[in-house]
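J.: dropping a prediction and its sequence here:
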Amino acid sequence: MKKFFAAVLAAGMVVSLAACGGGGSSAPGGGAPSSGGVTAGQRVFQIGFTTAAVENDPYYEFAQVFSDLVAERTEGAIRIDIMGGGQLGQEREMFEGMQLGTTDMAVMTNAYASSFVPASGVFDLPFIFSDSAIAAEVLDGELGQAVLAEYGDKGVTALAWGEGGFRHLVTMDTEVSVPADFKGLKIRCMETETYLATYAALGTNAVPMAWAETITGLQQGTIDGLDIPISVIYSNGFPDIAKYLNMTGHFYSPLLICVSNSVFDSLSAEEQEILRECAVIAGQKCRENNAAVEEPMLTEMEEKGMIINRDVNIPAFQEVLGDFYMQQASKIGGTYVEELLSIIG
């Protein structure tokens, strides 16, 4: 197992750490294939994401399983080429490209997508899900499907939810277990309203920073830490850079597969249904893979000398945040917040 993960790490480190996507095919569905020729009558699309296209990366797993299933279900009539490592640009660029019809498909991070579809921000609330099973139940249920439907008005069709995982706090030399430990820290975070507001409420100095600048920022002391899922911590070599992995799980990071409306509308009703069904299955496989690899990854990172701090007082954080959840309601869809809080109790 250790040799296997070491091979994955080596592959991941050669891929650019560019954080998120932007130009796809010159016309919907007209992108050049990344490998092989186009057979007669075959339509080729590209799906972009920003992380390394390596085994066990959740973005890659979500996209690859989706691509394989679509090829199988359409008997090769639709081919989806994998464009990882930010080949299609940053996430904002990919979303805007889908709106314009210049990008076919993308695996999006919910936190970035919520900049375009505020209702999605309901799933970015801190400490809102106690585990992945509850998150999956909500996302695959009526509330999650209602939020997906909101994307259609933005020129993008959201097919299904996957999982990036819980975002934990990596720090250079500070152990974080209670809310007071957050105060004064400089933490790199995604530039989304809910994330920035959360860190402000915890007394943390949130530092919006491009992914490609993050490791340098840590090494130079520009930031004290950042929040990322376990698989990303592992595949990008953070055990060799930072001392602590604090298992805060303060944000849950859903992923979603999105398709440009211009691409989706060009498909038959049967093909549209195939894409939806394949995306749902791919999302489930993505979650299953995360669950299978996280503990072995944690074990190996600990063996490398990283301190895994599991002693985090989650109820204390929820208590400190207090009214934060309803304060965000007007910004992320109002009734969705109330509905989510009702569902999870």
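T.: Nice, thanks for sending it over. Numbering: from 1, shown residues only.
J.: tell me the SS of Phe166?
T.: strand (DSSP: H, G, I helix; E, B strand; the rest coil).
J.: tell me the contacts of the residue nearest to it when sequence neighbours are not counted?
T.: Distance criterion Cβ to Cβ, 6 or more residues apart in numbering; nearest residue to Phe166, sequence neighbours excluded, is Gly249 at 3.8 Å. For every residue, glycine as well, the C-beta is placed using N, CA and C. With contacts defined as Cβ atoms under 8 Å, 6 or more residues apart in numbering, the neighbours of Gly249 are 127, 166-168, 312, 314.
J.: the nearest residue to Arg79 once chain neighbours are set aside in helix, strand or coil?
T.: Leaving aside its sequence neighbours, Arg79 sits nearest to Val44 (Cβ to Cβ, 6+ apart; 4.8 Å). Following three-state DSSP, Val44 is assigned to strand.
J.: circling back to that earlier point, any chance of the contacts of Gly249 in JSON lines with pLDDT as columns?
T.: Below are these laid out as JSON lines (pLDDT from 0 to 100):
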{"residue": "Phe127", "pLDDT": "94"}
{"residue": "Phe166", "pLDDT": "96"}
{"residue": "Arg167", "pLDDT": "96"}
{"residue": "His168", "pLDDT": "97"}
{"residue": "Val312", "pLDDT": "96"}
{"residue": "Ile314", "pLDDT": "93"}
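J.: what's the closest of those to Ile343?
T.: Nearest to Ile343, judged by Cβ to Cβ, of those is Phe127 at 15.3 Å.
J.: about what we covered before: run me through the strand neighbours of the strand or helix carrying the residue nearest to Phe166, direction for each.
T.: Per DSSP states H and E, Gly249 falls inside strand 244-260. With DSSP bridges as the test, strand 244-260 is paired with strand 105-109 (antiparallel), strand 156-171 (antiparallel), strand 307-309 (parallel).
J.: just name the most buried of the ones you listed.
T.: When the strands paired with strand 244-260 are scored by mean count of other Cβ atoms under 10 Å, the highest mean neighbour count falls to strand 105-109 (a mean of 30).
J.: what does it rub up against?
T.: Residues contacting strand 105-109 (Cβ under 8 Å, 6+ apart): 20-21, 24, 45-49, 59, 62-63, 80, 88, 91, 94-95, 98, 162, 164, 190, 253, 255-260, 263.
J.: likewise for stretch 238-247?
T.: 168-177, 215, 218-219, 225, 228, 230, 233, 298, 301, 304-310, 312.
J.: over to stretch 295-310?
T.: 1-2, 5, 175-177, 230-231, 233-234, 238-240, 242-247.
J.: again, but for stretch 129-141
T.: With Cβ under 8 Å, 6+ apart, stretch 129-141 has contacts from 123, 144, 161, 163, 165-166, 252, 254, 280, 287, 290-291, 340, 343-344.
J.: that one: which residues count as buried?
T.: Using 16 or more other Cβ atoms under 10 Å as the burial criterion, the residues of stretch 129-141 that qualify are 129, 132, 135-136, 138-140.
J.: ok so, going back, measure the residue nearest to Arg79 to Thr50 for me?
T.: 21 Å (Cβ to Cβ, to the nearest Å).
J.: between the two, which one's more packed in?
T.: Between Val44 and Thr50, counting by other Cβ atoms under 10 Å, Thr50 is the more crowded of the two (27 against 20).
J.: isn't the more buried one right up against Gly85?
T.: Yes. Between Thr50 and Gly85 there is a contact under Cβ atoms under 8 Å: 7.3 Å.
J.: re earlier: just the buried ones from the contacts of stretch 129-141?
T.: For the contacts of stretch 129-141, buried by 16+ other Cβ under 10 Å: 123, 144, 161, 163, 165-166, 252, 254, 280, 287, 290, 340.
J.: quick one, what contacts the closest residue to Thr204 other than its chain neighbours?
T.: In space, and not counting its chain neighbours, Thr204 is closest to Phe182: 4.8 Å by Cβ to Cβ, 6+ apart. Going by Cβ under 8 Å, 6+ apart, Phe182 touches 176, 199, 202-204.
J.: and for Ile274?
T.: Applying Cβ under 8 Å, 6+ apart, we find Ile274 in contact with 70, 73-74, 78.
J.: burial of Ile78, as a residue count?
T.: By other Cβ under 10 Å, neighbour count at Ile78 equals 20.
J.: and stretch 335-345, how far out from the chain middle?
T.: Relative to its parent chain, stretch 335-345 has a centroid offset of 22 Å by Cα atoms, centre = their mean, to the nearest Å.
J.: alright, I will stop here.
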